[in-house]
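Peer 1: need a 3D model of the following:
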Amino acid sequence: MTDLRTDISYATPGEGSFGDYVALLKPRVMSLVVFTALVGLLVAPGSLHPVEALAAIIFIALGAGASGALNMWWDADIDQVMKRTSGRPIPAGKVAPGEALGLGVALSGLSVIMLWLATNALAGFLLAFTIFFYAVIYSMWLKRATPQNIVIGGAAGAFPPLIGWVAVTGSISLEACLMFLLIFMWTPPHFWALALFMKSDYHKANVPMLTVTHGRKVTRAHILVYTIALIPFALAAGLTSIGGPVYLALALVLNLMFLQGAVAIWRRDEAQAEGDGYATEKRVFRFSLAYLFLHFVAILAEAALANLPAYAGFAAQFKILELF
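Peer 2: Next comes the predicted model:
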């Protein structure tokens, strides 16, 4: 693919505001990272001191922000071409590319070292690998090289709950891997649904998204295949220590709805899609966000229900003490 980096002249940056530098960290993506990492941390066996737990979440969030800044620095050329990203701080001329690079590198080092000190070396290593994977393997290599970019690159967004779990336990378990796989397998159908109604953006930017290299018909089939492949991993989590009846019931409903959406996308042709403004694709994309969020809410709910007896026992002991 053509490298747009040689074809684009950036606007002369002005003095960026605090909000512009925050935008470099991709706060919307960061919010998902923080939530899934927090779930991983809270449901892991064992515990951290509240201050350590708060520090762990803060440093994982900073690591996610570092990844975002490095991604925006590298992708500034294609961001300027794509309508969806043209307002980002660098292509909009609000922040200089070098400033974004410096911020990303500084936050990377700070977040990794501090997470290591606050929790353990394995958690720090996993955060460092996540940043490297997103900034280098995905952004600098896969994104412009292969239509499987989002399939392999999705691993970067799947690490946070694993890191949260490891921050508490210092080890990797089946439960942590299933939370990782839930996000990893969810990522392709989620982003391909977006790509179906954003194809022109990726085409203009010379990004080899599946819709560009193989067409929308093939992309629709891939969405269905990956959704079917996702379901066993989503349900398997319910059969481990992080699952239970609440999770399984919700997961069954959510996966049935996601599968119905994927089938609906697969059955459509371009005439139908263009005729209604890609309404089905947009609906499935929005639902996919709720799908992932609710799975992790259910995992958190199961942990809360499992701890109810302990809380009840503590409350009963407290009441008995009041009698004396």
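Peer 1: kindly provide the distance from the residue nearest to Leu48 when sequence neighbours are not counted to Gly243.
Peer 2: Nearest non-adjacent residue to Leu48, counting by CB to CB, 6 or more residues apart in numbering: Val168, 5.6 Å away. Every residue, glycine included, has its C-beta placed from N, CA and C. As judged by CB to CB, to the nearest Å, Val168 and Gly243 stand 18 Å apart.
Peer 1: check Lys217 too.
Peer 2: For Lys217, the distance to Gly243 equals 36 Å [CB to CB].
Peer 1: these two: which is more packed in?
Peer 2: Taking other CB atoms under 10 Å, Lys217 and Gly243 do not tie; Gly243 has more neighbours (20 against 13).
Peer 1: any idea how many residues pack against Met179?
Peer 2: For Met179, using other CB under 10 Å, the count is 29.
Peer 1: kindly report the same for Val136.
Peer 2: Neighbours of Val136 (other CB under 10 Å): 13.
Peer 1: in contact with it, which residues?
Peer 2: Listed by CB atoms under 8 Å, 6 or more residues apart in numbering, Val136 has no contact partners.
Peer 1: that one and Ala92, how far apart?
Peer 2: Applying CB to CB to Val136 and Ala92 gives a distance of 25 Å.
Peer 1: then Tyr21?
Peer 2: Tyr21 is 13 Å from Ala92, by CB to CB.
Peer 1: just Ile150 next, same as before
Peer 2: Counting by CB to CB, the gap from Ile150 to Ala92 is 25 Å.
Peer 1: now do Leu292
Peer 2: In this view, Leu292 and Ala92 are 29 Å apart by CB to CB.
Peer 1: repeat that for Leu142.
Peer 2: Using CB to CB, we find Leu142 at a distance of 26 Å from Ala92.
Peer 1: so who does Ile78 touch?
Peer 2: Per CB under 8 Å, 6+ apart, neighbours of Ile78: Leu4, Thr85, Ala205, Asn206, Val207.
Peer 1: give me the secondary structure label for the last one.
Peer 2: What it means is Val207. At Val207 the chain is in coil, as set by DSSP: H, G, I helix; E, B strand; the rest coil.
Peer 1: got a list of what it touches?
Peer 2: Met1, Ile78, Lys143, Arg144, Asn149.
Peer 1: per-residue pLDDT, it?
Peer 2: We note a pLDDT of 83 for Val207 in this prediction.
Peer 1: what is the lowest-mean-pLDDT helix or strand in the chain packed up against?
Peer 2: Sorting the helices and strands of the chain by mean pLDDT, DSSP states H and E puts helix 199-204 at the bottom, at a mean of 76. Identification of packing neighbours for helix 199-204 by 3 or more CB pairs under 8 Å, 6 or more residues apart in numbering; DSSP states H and E yields helix 210-213.
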